[in-house]
Structure formats: C-alpha cells, structure tokens
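Student: need a structure here:
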Amino acid sequence: MYLQIYEYIKKEILSGRLSHPEKLPSARALAANLQVSRSTVDTAYEQLVAEGYIDAKEKRGFFVNPITHTQNFTRSQGHISVPDRTLPDQKKMIYDFDPDAIDTLHFPYSVWKSIGRNQLDNPDNFISGDHFGEYGLRLAISSYLHGSRGVNCTPESIIVGAGLDHLLQMLCVLFERKAVIAMEDPGYRNARQVLLSSGYTVQDIPLSQGALDASSLIHSPADICYVTPSHQFPLGSVLSISRRQALLDWAYEKENRYIIEDDHDSEFRYKGKPIPALQSLDHGQRVIYIGTFSKAVSPAIRTGYMVLPAPLLSLYKEKCGSYACPVSRLNQAILTDFIKDGFFEKHLNRMRKIYKAKHDYMLEQLHSHFPDGLLDISADNAGLYIILHYHGPLTDEAIIEQAEKNGIRLRSLKGYYANLPAAYRPAYLLGFANLEEKEIRDGIALLAEKVLIV
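Tutor: Alright, predicted model coming up:
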C-alpha cells in the first residue's frame with residue numbers, strides 16, 4: 001500500500017503536476033482521505049524524502065523539491081488502485097463447520113493478560129534466550145506430558161518450536177534425504193507437504209479398519225513412519241495396543257528407524273481418560289513425540305514441542321544447536337506461568353466440558369434432522385469434529401457447491417487422501433468448536449433441508 005502512494009506522488013512530481021515548492025497534505029490528512037493507516041503514509045513520505053523528491057521541514061510539513069529532469073506520464077498511470085483484500089476462497093460463510101477451529105470465546109483472556117503484564121516487566125524477556133526453548137517452559141511441558149500422557153521425557157530432551165511445520169522442518173535436517181517416510185492415507189496433508197518440499201520420498205500407507213496396519217508398513221521401503229495413534233487424523237480411530245506394539249517392533253528391527261508420533265488433539269477426549277502416548281511404550285529410543293498448544297490454547301501463539309530420543313538429541317545439538325528458538329521469549333514466559341500456576345489445566349477441564357456439550361448437541365441435531373440410512377456418523381467422543389459419511393445420490397462436488405450457495409462451508413474428507421479409494425463415498429468433517437448451539441442447530445437444519453436431503 002505504501003508503495004502505491006509513493007509511486008503515485010513520485011509520478012506527479014516527475015510529470016510536473018506537483019512542483020517546487022508545493023506543500024503536500026499532512027500524513028494524517030492523507031491517511032484519513034485514503035482510509036489507510038498513518039504509518040502507511042509515513043513510510044511512503046519517508047521513502048520520498050530519502051530519494052530526494054520531497055523535503056521534510058520541521059513543524060511545517062512536506063514540500064516538493066525542485067526536479068529538473070521530468071518525465072511524461074499520462075494521468076491514468078497515476079491512479080492509485082486499492083487491491084481487493086477479499087480473495088474468492090475467503091467468502092464469508094454463515095455456517096462454517098471448520099474442523100481446525102477452536103472456541104475463542106471461553107479463553108481466560110484476563111488471566112493471560114495479567115501474566116503478560118507481569119512478564120512485560122521482566123527485561124530478560126527482551127533478550128535472546130535458550131536455543132532449545134526456555135528451560136522453565138520445557139520443565140513445565142515435561143511435567144505436563146508425564147502426568148497426562150505418560151511420556152518419558154526430561155526438560156533436556158524437549159525442543160520448543162513454532163508449531164508442527166517448523167518442528168518437522170528441523171527433523172528433516174536430522175534425517176538423511178534418501179530416507180523414505182511412511183504416512184497414513186488419509187492423513188495430515190500439511191505434514192506430507194512439508195516432508196515432500198524438504199526433499200523426502202513419502203510412502204502413503206492405506207489404513208486398515210481406520211488405523212495404520214504394520215503389515216503394510218513392513219512391506220514398504222519406509223525408514224520413518226509418521227502416525228497419529230491416539231486420535232487418527234482425520235478418521236478419529238485409536239491405534240490398538242497390538243498395532244502399537246507391532247509398529248514399535250518394526251522400528252526396532254533396523255538401525256535408524258524412527259516413528260514420528262503426532263499427538264495433535266489428545267487433550268480433548270470426552271469419555272474416560274486420555275489415551276496414553278505411543279512414546280510411553282517405547283523402550284528402544286525410537287519414537288519422536290510431537291505436540292502443540294494450537295488446539296489447547298491458541299494457534300496464534302505458534303508454540304509446539306517435540307521430545308527427541310537420546311541418539312537424535314545428540315544429533316540435533318550437533319546440526320541444529322546454533323538455530324535460535326523461533327518462539328518469542330515473552331510468549332514462552334507467559335505460557336510457562338500459565339501452565340505452572342495451574343491455569344492451563346483449569347482451562348482444559350473447562351473446555352472439555354464445553355466441547356463435550358457441543359459434541360453431544362451436534363450429534364443430537366444430526367439424528368433429529370436426517371432420516372435413518374442417509375448418513376453414517378463417526379464421533380469417537382474425542383476431538384473437535386464429527387465425520388458424516390453420506391449414502392445418498394449426490395456427488396461430492398454437488399454437495400460442496402450447494403452448501404456454499406446456502407452459506408455453509410464443509411470440509412470434504414476427500415481432500416485428506418493422497419490416493420482416493422475406488423469405493424470412496426462422500427464424507428465430511430463437521431467442526432463444532434467455534435460454533436454456538438444456535439449456530440449448530442440452524443446450520444444442521446439448513447444442511448438437511450437445502451443440501452443433503454433430496
């Protein structure tokens with residue numbers, strides 16, 4: 001935006017339409033007229049001053065400098081075109097069943113702000129910190145993981161990073177590029193893209209009964225396996241103890257085989273206690289455990305962590321030890337106190353109740369609005385979405401199109417497959433986390449009336 005303003009004024013000066021010693025509008029007045037921020041205009045003016053087109057006179061304003069070598073420009077070239085900030089795929093939907101969204105209304109903002117104010121008074125938060133992440137945060141994460149997930153770790157074995165994508169990129173530095181990485185199909189497409197763009201070969205393993213089958217993995221050329229065992233993404237199944245043991249046996253059979261365990265939303269299980277991590281069963285130092293605070297706190301703080309086995313931790317120190325932690329020290333300090341002082345656990349307990357109520361209400365609405373046989377509903381009393389398997393006559397494309405016409409955004413299961421099965425039937429991930437009960441009720445009713453029931 002500032003470049004457009006800069007270019008326009010420069011052309012006006014070079015064409016002679018603005019000439020010495022004409023005064024330019026004040027930055028405040030021009031910003032108000034163009035409906036942009038004051039800083040945008042200030043930046044444009046600063047650039048013009050730096051290049052000598054205008055002169056800033058203290059307490060008087062900005063004035064055009066004498067320019068002897070002018071160029072001819074047509075007035076059409078001087079038009080400032082304001083770009084449309086709304087992209088076609090950003091169309092506002094009335095009912096957005098986004099499976100990745102979280103509830104932001106019930107976050108304890110006052111607590112977070114109070115901790116933040118205290119940490120702003122600490123000058124240490126404004127200097128560079130530990131490259132592995134602040135020790136206090138790693139200690140808090142270690143205690144939390146051991147108590148809630150059974151993860152065997154110490155603060156020293158934990159690396160803090162800016163979310164899953166960044167942590168995977170760090171792992172890609174450790175592995176040899178010739179390594180083949182097995183992934184669940186369907187699975188987490190963003191992770192797959194990170195691995196592919198880092199130069200690795202990805203072997204897609206079709207799921208058996210909704211979970212990874214170690215027998216298929218054994219016959220693949222994979223050296224590393226990426227799994228979501230506690231709540232398979234996106235199908236929601238849990239990897240059984242026998243399959244977990246078979247997966248570990250596969251890793252133990254050969255040197256330098258590793259399992260990447262993505263524990264993406266383990267905090268939100270609505271019956272019984274959370275499923276223990278696969279890493280808790282690993283006695284051979286072969287599981288890399290990765291988690292983030294994106295679902296439990298907020299994706300905006302961009303904070304994740306991984307627990308490295310001893311051999312990879314040594315390699316990480318050697319290859320990546322000089323890389324600075326990309327998470328701001330201030331955010332780390334706030335999150336540390338949030339966990340250490342018990343607010344994180346209190347927030348999780350509250351959100352489990354809220355999400356369970358939304359989960360159960362969505363199920364109730366689905367059962368009341370759709371006839372028997374049209375849908376199979378998968379809801380594993382966990383996670384932030386429910387899966388609808390459709391058995392009617394409409395195609396996936398027709399359903400998506402009709403839903404959008406009625407202001408409904410659906411996320412198709414189709415997009416999570418690398419290789420779509422021949423017998424695939426339309427299915428959708430219906431997120432409920434960011435919706436209130438009225439939105440869930442009205443959205444499901446509209447989905448039934450205008451889209452799926454024909």
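Student: pLDDT weak spots in the stretch 51-200 of the chain?
Tutor: Low-confidence segments of the stretch 51-200 of the chain (pLDDT under 70): 68-91.
Student: strands of that one, residue ranges please.
Tutor: 54-57, 61-64, 95-96, 158-161, 180-185 (DSSP state E, counting those that start in this stretch).
Student: can you say which of those strands is nearest to residue 151?
Tutor: Closest approach to residue 151 among the strands of the stretch 51-200 of the chain is made by strand 158-161 (9.6 Å; CB to CB). C-beta here means a position set from N, CA and C on the backbone, and glycine is covered the same way.
Student: how far away from the center of its chain is the closest one?
Tutor: Centroid separation for strand 158-161 versus its chain: 17 Å, with CA atoms, centre = their mean, to the nearest Å.
Student: can you mark which positions in that strand are buried?
Tutor: For strand 158-161, a neighbour-count test (16 or more other CB atoms under 10 Å) marks 158, 159, 160, 161 as buried.
Student: and which of these is nearest residue 7?
Tutor: Using CB to CB, residue 161 comes nearest to residue 7 of those, at 39.2 Å.
Student: which ones are touching the closest one?
Tutor: 133, 167, 170, 304, 305, 306, 325, 326, 327 (CB atoms under 8 Å, 6 or more residues apart in numbering).
Student: so it bridges to which residues?
Tutor: Here residue 161 sits in beta bridges with residue 304, going by DSSP bridges.
Student: how much space between it and residue 11?
Tutor: Counting by CB to CB, to the nearest Å, the separation of residue 161 from residue 11 is 46 Å.
Student: strands along the stretch 251-400 of the chain, start to end?
Tutor: 258-262, 287-292, 304-307, 375-378, 385-390.
Student: in ChimeraX, how would I select the buried members of the contacts of residue 161?
Tutor: To isolate the buried members of those in ChimeraX, using 16+ other CB under 10 Å:
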select :133,167,170,304,305,306,325,327
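Student: could I get the contacts of residue 161 as a markdown table with distance to residue 33?
Tutor: A markdown table is the format used below for these (distance: CB to CB, whole Å):
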| residue | distance to residue 33 |
| --- | --- |
| 133 | 47 |
| 167 | 46 |
| 170 | 47 |
| 304 | 44 |
| 305 | 48 |
| 306 | 50 |
| 325 | 43 |
| 326 | 39 |
| 327 | 40 |
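Student: residue 27: which of the contacts of residue 161 is nearest?
Tutor: Distances from residue 27 to the contacts of residue 161, taken by CB to CB, are shortest for residue 326, at 33.8 Å.
Student: how about that closest one, what does it touch?
Tutor: Contacts for residue 326 (CB under 8 Å, 6+ apart) come out as 161, 162, 166, 302.
Student: can you tell me, leaving aside adjacent residues, what's nearest to the spatially most central residue of the chain?
Tutor: Residue closest to the mean C-alpha point of the chain, counted by CA atoms, centre = their mean, is residue 299 at 5.8 Å. Closest residue to residue 299 apart from its sequence neighbours, by CB to CB, 6 or more residues apart in numbering: residue 102 at 7.3 Å.
Student: ok, the residue nearest to the centre of the chain touching residue 104?
Tutor: No - Residue 299 is beyond contact range of residue 104, at 10.1 Å (criterion: CB atoms under 8 Å).
Student: which strands and helices sit next to the one helix or strand residue 442 maps to?
Tutor: Using DSSP states H and E, residue 442 sits in helix 437-447. Under the contact criterion of 3 or more CB pairs under 8 Å, 6 or more residues apart in numbering; DSSP states H and E, helix 437-447 touches strand 95-96, helix 343-369, strand 408-409.
Student: okay, these in CSV with distance to residue 213 next?
Tutor: Compiled in CSV, these are given as follows (distance: least, CB to CB, whole Å):
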stretch, distance to residue 213
strand 95-96, 34
helix 343-369, 28
strand 408-409, 33
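Student: mean neighbour count and distance to residue 395 added to these, as JSON lines?
Tutor: Converted to JSON lines, the helices and strands packed on helix 437-447 look like this (neighbours: other CB atoms under 10 Å; distance: least, CB to CB, whole Å):
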{"stretch": "strand 95-96", "mean neighbour count": "18", "distance to residue 395": "21"}
{"stretch": "helix 343-369", "mean neighbour count": "16", "distance to residue 395": "21"}
{"stretch": "strand 408-409", "mean neighbour count": "20", "distance to residue 395": "17"}
